[in-house]
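Asker: Structure for this input, please:
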Amino acid sequence: MPRWKREEYMDASGAWRMPDDDYIDYSGCWRTVDDFYVDASGAWRAPNDNYIDESGAWRRPGDQYIDHSGGWKN
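Answerer: Numbers count the residues shown, from 1 in each chain. The predicted model follows:
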């Protein structure tokens, strides 16, 4: 997920990551925080695009969101 994340979160692989770590997106591929990525809906997103989180809701960068663990994150 992009650089705007502010705390540890669970990526799509189930691993815990820090905001600046590389991560696995919902396509199963490794990404850097500046890469385009696949969100929970399966759609491609740019790093600062609005996106769909694990709950199926649209979120803006910087909003609270639900990660793969089911928990709310900043």
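Asker: Just read off the phi/psi values of Tyr65.
Answerer: The phi/psi pair for Tyr65 (degrees, to the nearest 10) reads phi -150, psi 170.
Asker: OK, contacts around Trp58?
Answerer: Residues near Trp58 by Cβ atoms under 8 Å, 6 or more residues apart in numbering: Asn50, Tyr51, Ile52. All C-beta spots, glycine's among them, are computed from the backbone N, C-alpha and C.
Asker: Check Trp16 too.
Answerer: Glu8, Tyr9, Met10.
Asker: Pairing partners for it in the sheet, please.
Answerer: Trp16 has the following beta-bridge partners by DSSP bridges: Met10.
Asker: related to what we said a few turns ago, highest neighbour count among the contacts of Trp16?
Answerer: Tyr9 (22 neighbours; other Cβ atoms under 10 Å).
Asker: Find the nearest non-adjacent residue to that residue, please.
Answerer: Distances taken as Cβ to Cβ, 6 or more residues apart in numbering place Asp67 nearest to Tyr9, at 4.4 Å, with adjacent residues excluded.
Asker: any weak-confidence spans in this structure?
Answerer: The chain contains residues with pLDDT under 70 at 1-2.
Asker: repeat that with 80
Answerer: Applying pLDDT under 80 to the chain flags the ranges 1-4.
Asker: what's the nearest residue to Asn74 once chain neighbours are set aside sitting at in phi/psi?
Answerer: Closest residue to Asn74 apart from its sequence neighbours, by Cβ to Cβ, 6+ apart: Arg6 at 4.6 Å. The phi/psi pair for Arg6 (degrees, to the nearest 10) reads phi -120, psi 0.
Asker: count of neighbours near the residue lying closest to Pro61 once chain neighbours are set aside?
Answerer: Distance criterion Cβ to Cβ, 6+ apart; nearest residue to Pro61, sequence neighbours excluded, is Trp4 at 4.4 Å. For Trp4, the neighbour count with other Cβ under 10 Å is 14.
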